[in-house]
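Asks: can you look at this prediction? I've put the sequence above it.
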Amino acid sequence: MLIGASAGGVAALTELTAGLPKDFPAAVLVVLHIGVHRSTLAELLSLRCPLDVAFGRHGEAPRAGTVRVAPSDEHMVLVGGRIELTRSAKENHTRPAIDPLFRSAALEFGPAAIGVVLTGTLDDGTAGLQAIKAMGGTAVVQDPADAVEPGMPASALRHVPVDHCVPLAAMAPLLTALAGAPVNVAAALTGNGTNHGRTKEYAAMSPTQQRLVHEQALMLGTGNFTEHLRAVGQPSMFTCPECHGGLWELRDVVPRRLRCHTGHAFTERSLQLALSESVDEALWAALRALQEKEALLAQGANEQRGSDPAESARLASAALSAQRQAATLRKLLQQPARPPPAPPPPPE
């Protein structure tokens, strides 16, 4: 059982896990977007959840009746039936991210994987649910109307053939029933596809399933990254905002997704966010450089005033120009962000 959440997720996860029975027949793995900040999620959930709750431990085998939470700044994935914690490249501009866990579980457990997307912004979890469905698993989302932030569940509903969409109050009974249902795990790929070049299982997979194997290898940093990228996409005009390498656009995926050879991955929306942050950082750096340039020129003008009036005047004029440029840029930076205008209504 894989559960992913973002904004509003602490309250949602607390309510959901509190409703699970003590004899819950599956392991529960949880990712909450927490970034590098210290997480107390495991402690918070343990206050009300009747199951054994703790942060995931590297090498631990998931057991029924346990809840394992991804630690801060580490992806939690499944490889060889065990939890692997890794500081591999961010996906969707975050670490831990939901998609790596869901994708690894899809490859590891096939139809036995149950993915759950709860409240959150943007669209992390959509590609992960697609992976789970591609391997025969079950997709569950919180009703967007019931979510604090509807973005993630709404994206999943838009792009994934979801099996169940329910409000949070109905989630625990549903997951208990799904976890107790018998499944055929024959579609699971031994070794999580990391030995894809030598397995009959890989050769028998659909192109979509094979893409998942290559994506997982890129995330784990195994094999030849050029081979993996060529297998799943083609070069794009964009560069990775994390490492500044070239981004490859994945073929035949909706929503649009991109990857670089170091392992960073983005949906179109998370790339927009990352690029917006990069632009903001670059503009503030430009303002800093202009202010330093102004200060240096002004200092030179003062030093040259007595010995070389002409040079002092030139430096003072250049300092004034830098000051005006800095003022214009600061005014631009300090303008409040405004949403784009709403599209016009359709003609009647």
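Replies: Cool, got the structure.

Asks: buried stuff in the lowest-mean-pLDDT helix or strand in the chain?
Replies: Ranked by mean pLDDT, DSSP states H and E, the weakest helix or strand in the chain is helix 200-203, scoring a mean of 80. For helix 200-203, burial by neighbour count (16 or more other CB atoms under 10 Å) applies to Glu201, Tyr202. Quick note: C-beta positions are derived from backbone N, CA and C, even for glycine.

Asks: tell me which other helices or strands whichever helix or strand comes after that helix touches.
Replies: Sequence order places helix 207-220 as the next helix or strand after helix 200-203, per DSSP states H and E. Packing contacts for helix 207-220, counted by 3 or more CB pairs under 8 Å, 6 or more residues apart in numbering; DSSP states H and E, involve strand 75-79, helix 98-109, helix 126-134, helix 225-232, strand 265-267.

Asks: repeat that for 7 Å
Replies: When contacts are defined as 3 or more CB pairs under 7 Å, 6 or more residues apart in numbering; DSSP states H and E, helix 207-220 packs onto helix 98-109, helix 126-134, helix 225-232.

Asks: what does the first one rub up against?
Replies: Going back to what we said before, that points to helix 98-109. 2, 4, 29, 31, 75-79, 81, 91-92, 113, 115, 124-125, 127-129, 131-132, 134-135, 137, 185, 188-189, 192-193, 212-213, 215-216, 219 (CB atoms under 7 Å, 6 or more residues apart in numbering).

Asks: among the residues you listed, name the buried ones.
Replies: Counted by 16+ other CB under 10 Å, the contacts of helix 98-109 give 2, 4, 29, 31, 75-79, 91-92, 113, 115, 124-125, 127-129, 131-132, 134-135, 137, 188-189, 192-193, 212-213, 215-216, 219 as buried.

Asks: sorry, back to before: pick the most buried one from the helices and strands packed on helix 207-220.
Replies: Each of these was scored by mean neighbour count; the highest is helix 98-109, a mean of 30, by mean count of other CB atoms under 10 Å.

Asks: next up, the contacts around the closest residue to Ala147 other than its chain neighbours.
Replies: Using CB to CB, 6 or more residues apart in numbering and skipping the chain neighbours, the partner closest in space to Ala147 is Thr119 (3.8 Å). Applying CB under 7 Å, 6+ apart, one finds that Thr119 lies in contact with Ala5, Ser6, Ala7, Gly8, Gly9, Ala12, Gln142, Ala147, Val148, Glu149, Met152, Pro153.

Asks: and Thr119, what element?
Replies: Using DSSP H and E, no helix or strand contains Thr119.

Asks: can you check Ala89 too?
Replies: Counting by DSSP H and E, Ala89 is found in no helix or strand.

Asks: check contacts around it.
Replies: Glu242, Thr262, Gly263, His264.

Asks: adding neighbour count, write these out as CSV.
Replies: CSV is the format used below for the contacts of Ala89 (neighbours: other CB atoms under 10 Å):
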residue, neighbour count
Glu242, 17
Thr262, 15
Gly263, 24
His264, 24
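
Asks: for these, work out which two are farthest apart.
Replies: Glu242 and Gly263 (9.3 Å; CB to CB).

Asks: partners of the nearest residue to Gly9 once chain neighbours are set aside in the sheet?
Replies: Excluding its sequence neighbours, the residue lying closest to Gly9 (CB to CB, 6+ apart) is Leu32, at 4.8 Å. According to DSSP bridges, the partner residues bridging Leu32 are Ala5.

Asks: list the contacts for the spatially most central residue of the chain?
Replies: With distances taken as CA atoms, centre = their mean, Asn92 lies nearest the centre of the chain, 3.1 Å away. Shown in contact with Asn92 (CB under 7 Å, 6+ apart): Asp99, Asp124, Ala265, Phe266, Thr267, Ser270.

Asks: mean confidence score for stretch 277-290?
Replies: Stretch 277-290 shows a mean pLDDT of 96.

Asks: mind listing what's buried in that stretch?
Replies: In stretch 277-290, residues buried by neighbour count (16+ other CB under 10 Å) are Leu287, Leu290.

Asks: sounds good, over and out.
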